[in-house]
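**Student:** Provided below for reference: sequence and predicted model.
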Amino acid sequence: MLTIPLAAPARTPATPMPTPGDATLLLVDDDPDLLRLLSIRLKANGYAVHAVDSGARALAAIGAARPDLVLTDLRMNGMDGMALFHEIQASYPGLPVIILTAHGTIPDAVAAVKRGVFGYLTKPYDPDELLGQIRRALSLHGGKVRSGAGQLWRDEIVTRSSLMEDLLSKAQRVAASDASVLIQGESGTGKELLARAIHRSSNRANHPFVAINCGAIPETLLESELFGHTKGSFTGAIADQRGLFVAADKGTLFLDEIGDMPLALQVKLLRVIETREVRPIGASRSIPFDVRIISATHRDLAKEKDSGGFREDLFYRLNVVGLRLPSLAERTEDIALLARHFLEKLASRYGREKPAFAPDALELLAKARWPGNVRQLFNVVEQSVALCPTEIIPAVFVEQAIQVEMHEMTSFEDARKRFERDYLTRLMKLTRGSVTQAARLAQRNRTEFYKLLQRHGIDASMFKGEAK
């Protein structure tokens, strides 16, 4: 039986301790006395503790509320510590496990470490060594440790999903390096939020985070946005412009919807990434830069690569570490949590004190299909708040908002019209209302271009003298 020295002398840890109140530990042991005493010690050190007496109950507890770390005895009746570890590794690969073992089972514990267990402690153990291992595990495996700026690196991401927690663990581990990251996931899952979280957790956090949507800008303008240009280098270039690679120097450049980038520009992007230098359009000299690249796409880039739609060499440059964001349908336990979070954010905007969803409204949200993912859920919540005159939002307003949002999500024609309008507006801003120059950039004849402007109600005179 493990003896815990309750009166052990306190020592100052050699390394800074993460904020314990932000971390939840799951203790697993079939000895009730050990479980109680170990819980007391860890709670006294500021951790939130959940204790169970079997491996089966541990798995159920992890499924209900994902802890940040599991501390388990090796020898237990029924499912032992190693069997529990294998189950955790299969379903929750980012969750760190520390094993407690008697001297006679040290070889088993050492073998367990080789298979992925974070660490082990022999009985009786040193309390400060235990706390040290817990701190290291939380720091390395994405426990909720506060950043140097004093804010949670992941505070914009609201979740209780084990899938998301595992993803965030991987994201925080990769943030410590400068490896390029490719985030894949459906539209509306929060790819930019994850990219910003990685940036905040990295050693580049105090430098710029610059984002660009590669699918929303035509090729001729995208090249200029990324690499910059000199005055007079092409029609409409009325001043020097530094590119985003230079603007993001020492920080992070986020290339959203990289799968929509034209092949010709992919070649130039690959060259820039390989040389770590960028030459603005029309310039004679290259400019060195130091950026960390995070890219994202809703496409399956592996398939695009195989079919020739995306360059293989660029794919491997960008996909050093790949992360896949789950859809909202894969994290249904987050729907009610996110809905309440959005209500809190929107309350002041709409002059509400404490808006809340009625139980049947929450049930409707939980059962709905969300092809637009978190972005669509936010829109539904906002429409419900805007239209409902009472503090308690009934199901009828949620149902109406979902129907409106689904209509918008499934209308290809509306999406195409919005894209055309935004594209034409950007061109007219760039050329300061010159239809001739804009038509040339769009590679359309002047008459056809005029018809496009008229179709969308865009008056060229509105952009005369407009700064780019």
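**Tutor:** Good, I have the coordinates.
**Student:** number of residues surrounding the residue lying closest to L182 once chain neighbours are set aside?
**Tutor:** Here the nearest residue to L182 in space, its sequence neighbours aside, is N319; by C-beta to C-beta, 6 or more residues apart in numbering that works out to 4.2 Å. From N, CA and C alone the C-beta is placed, and that goes for glycine too. For N319, the number of neighbouring residues by other C-beta atoms under 10 Å comes to 17.
**Student:** look up how far V181 lies from N319.
**Tutor:** Distance of N319 to V181, given as C-beta to C-beta, to the nearest Å: 8 Å.
**Student:** what does R375 give?
**Tutor:** Using C-beta to C-beta, one gets 21 Å for the distance from R375 to V181.
**Student:** R340 now?
**Tutor:** Between R340 and V181 the distance, using C-beta to C-beta, works out to 30 Å.
**Student:** same check on R446?
**Tutor:** With distances defined as C-beta to C-beta, the gap from R446 to V181 amounts to 44 Å.
**Student:** so what's I62 up against?
**Tutor:** 26, 70, 88, 91-92, 95, 162 (C-beta atoms under 8 Å, 6 or more residues apart in numbering).
**Student:** same question, T72
**Tutor:** Contacts for T72 (C-beta under 8 Å, 6+ apart) come out as 27-29, 55, 58, 81, 84-85, 97-100.
**Student:** that's a strand at it, yeah?
**Tutor:** Yes - checked against DSSP: H, G, I helix; E, B strand; the rest coil, T72 lies within a strand.
**Student:** excluding sequence neighbours, find me the nearest residue to it.
**Tutor:** Leaving aside its sequence neighbours, T72 sits nearest to V28 (C-beta to C-beta, 6+ apart; 3.9 Å).
**Student:** wait, that neighbour touches V49, no?
**Tutor:** No - with contact defined as C-beta atoms under 8 Å, V28 does not reach V49; the gap is 11.5 Å.
**Student:** in terms of neighbours, single out the busier of the two.
**Tutor:** Just comparing V28 and V49: by other C-beta under 10 Å the higher neighbour count belongs to V28, 26 against 20.
**Student:** any idea how this structure splits into domains?
**Tutor:** When the chain is parsed with automatic domain parsing, its domains come out as 20-140, 162-324, 328-410, 412-463.
**Student:** just give me the residue closest to the centre of the protein.
**Tutor:** Within the chain, the residue whose C-alpha comes closest to the C-alpha centroid is L194; the distance, by C-alpha atoms, centre = their mean, is 1.7 Å.
**Student:** wait, doesn't it sit right on E156?
**Tutor:** No - the pair L194 and E156 fails to qualify as a contact (C-beta under 8 Å) at a distance of 9.3 Å.
**Student:** take the contacts of I62 and keep only those in helices.
**Tutor:** Counting by DSSP state H, the members of those that fall within helices are 88, 91, 162.
**Student:** give me every residue that touches F234.
**Tutor:** Residues in contact with F234, defined by C-beta under 8 Å, 6+ apart, are 220, 224, 281-282.
**Student:** change it to 7 Å
**Tutor:** F234 makes contacts with I281, as judged by C-beta atoms under 7 Å, 6 or more residues apart in numbering.
**Student:** hang on, the earlier thing: between the contacts of I62, which is closest to S201?
**Tutor:** Lowest distance from S201 to the contacts of I62 (C-beta to C-beta) belongs to L95, with 18.2 Å.
**Student:** can you give me the distance of the closest residue in space to that closest one that isn't next to it in sequence to L59?
**Tutor:** Across the structure, with C-beta to C-beta, 6+ apart as the measure, the residue nearest L95 apart from its sequence neighbours is I88 (5.6 Å). Taking C-beta to C-beta as the criterion, I88 is separated from L59 by 8 Å.
**Student:** try L343
**Tutor:** Shown here: L343 relative to L59, a distance of 33 Å by C-beta to C-beta.
**Student:** show me where the stretch 301-450 of the chain has its helices.
**Tutor:** 301-307, 312-318, 335-347, 359-367, 373-387, 395-410, 412-430, 435-442, 446-455 (DSSP state H, counting those that start in this stretch).
**Student:** so which of the ones you listed comes closest to G251?
**Tutor:** It is, among the helices of the stretch 301-450 of the chain and with distance given as C-beta to C-beta, helix 312-318, at 17.4 Å.
**Student:** follow-up on the earlier one: got the helices of the stretch 301-450 of the chain as CSV, with mean pLDDT and distance to T230 columns?
**Tutor:** Written out in CSV, the entries for these read as follows (pLDDT from 0 to 100; distance: least, C-beta to C-beta, whole Å):
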stretch, mean pLDDT, distance to T230
helix 301-307, 92, 33
helix 312-318, 96, 26
helix 335-347, 90, 43
helix 359-367, 85, 52
helix 373-387, 93, 38
helix 395-410, 74, 41
helix 412-430, 76, 15
helix 435-442, 88, 17
helix 446-455, 85, 26
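**Student:** highest average neighbour count across the ones you listed?
**Tutor:** Per-residue neighbour counts averaged over each of the helices of the stretch 301-450 of the chain give the maximum for helix 373-387, namely a mean of 20 (mean count of other C-beta atoms under 10 Å).
**Student:** now do it against helix 335-347: the angle between them, please.
**Tutor:** Per axes from the mean of the first three to the mean of the last three C-alpha atoms, to 10 degrees, the angle that helix 373-387 makes with helix 335-347 is 50 degrees.
**Student:** ok, residues contacting stretch 180-192?
**Tutor:** For stretch 180-192, with C-beta under 7 Å, 6+ apart as the criterion, the contacting residues are 157, 174, 194-195, 198, 211, 254, 256, 293-298, 301, 317-325, 327, 372-376.
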